[in-house]
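Q: take this sequence and fold it.
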Amino acid sequence: MRLWPWSVAVLCGAIGGFLLLKPPGQADFPEELLRQAANQLAASPEHTWPELLAELDSKLPETIAQVMVVHSVPEEHAIVLAVPLDSSGEEQAAGWAVPFRRLNSVLSGNPTHPVVIREKHKGGYYVHYLQPLDESSRYLLASMLTQKAAAESVAGFVALALGIGMILIRLFRS
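A: Below is the predicted model of the structure:
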């Protein structure tokens with residue numbers, strides 16, 4: 001019976017820690033559609049990629065923020081090779097470095113199979129889906145911005161505070 005308060009305190013602390021450290025919401029990517037698009041991009045000349053990416057972008061759910069073709073450069077930032085045409089049919093600038101640190105570290109390893117990467121960047125939670133195009137370090141990248149639910153963060157802080165508070169009370173009573 002004397003261990004009951006300690007058990008509750010540890011349980012509250014564990015729940016709080018889990019809620020604060022768990023990754024944000026689930027990311028559902030249409031993997032089959034992205035796989036087919038990667039095969040189509042790999043078989044097409046590079047100058048047609050913006051049009052193909054625009055077609056793919058129109059088929060994807062609105063939760064996916066952007067699709068692009070990137071090229072992995074060992075020990076450097078990956079380079080964007082192609083982005084979809086904009087709404088007026090104009091090509092957008094490519095050739096810029098991918099700003100995501102974790103994504104770049106995964107790309108530098110040249111993965112040979114689809115990979116899902118989660119990372120926090122400038123206060124936002126991003127989920128990236130990488131689909132290899134070919135053996136030459138080119139990948140189809142689909143990125144989505146997810147939100148960590150505010151209720152999850154508050155619940156984590158409350159549970160953690162309860163756990164710490166109960167431990168402190170038990171220590172001062174002893």
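
Q: alpha carbons only for contacts and neighbour counts from here, please
A: Noted.

Q: give me the phi and psi for residue 112.
A: With angles defined as degrees, to the nearest 10, residue 112 sits at phi -110, psi 0.

Q: can you check the pLDDT for it?
A: Residue 112 is assigned a predicted lDDT (pLDDT) of 89.

Q: also residue 1?
A: Residue 1 is given a pLDDT of 54.

Q: swap in residue 63?
A: In this prediction residue 63 is given a pLDDT of 68.

Q: what does residue 151 give?
A: On the pLDDT scale, residue 151 gets 51.

Q: check residue 71 too.
A: The model reports residue 71 with a pLDDT of 90.

Q: so which strand or helix has residue 172?
A: Following DSSP states H and E, one finds residue 172 within helix 150-173.

Q: what sits closest to residue 86 if chain neighbours are left out?
A: The spatial neighbour of residue 86 that comes closest, neighbours along the chain excluded (Cα to Cα, 6 or more residues apart in numbering), is residue 92 at 6.7 Å.

Q: check which helix or strand covers the one you found.
A: Using DSSP H and E, no helix or strand contains residue 92.
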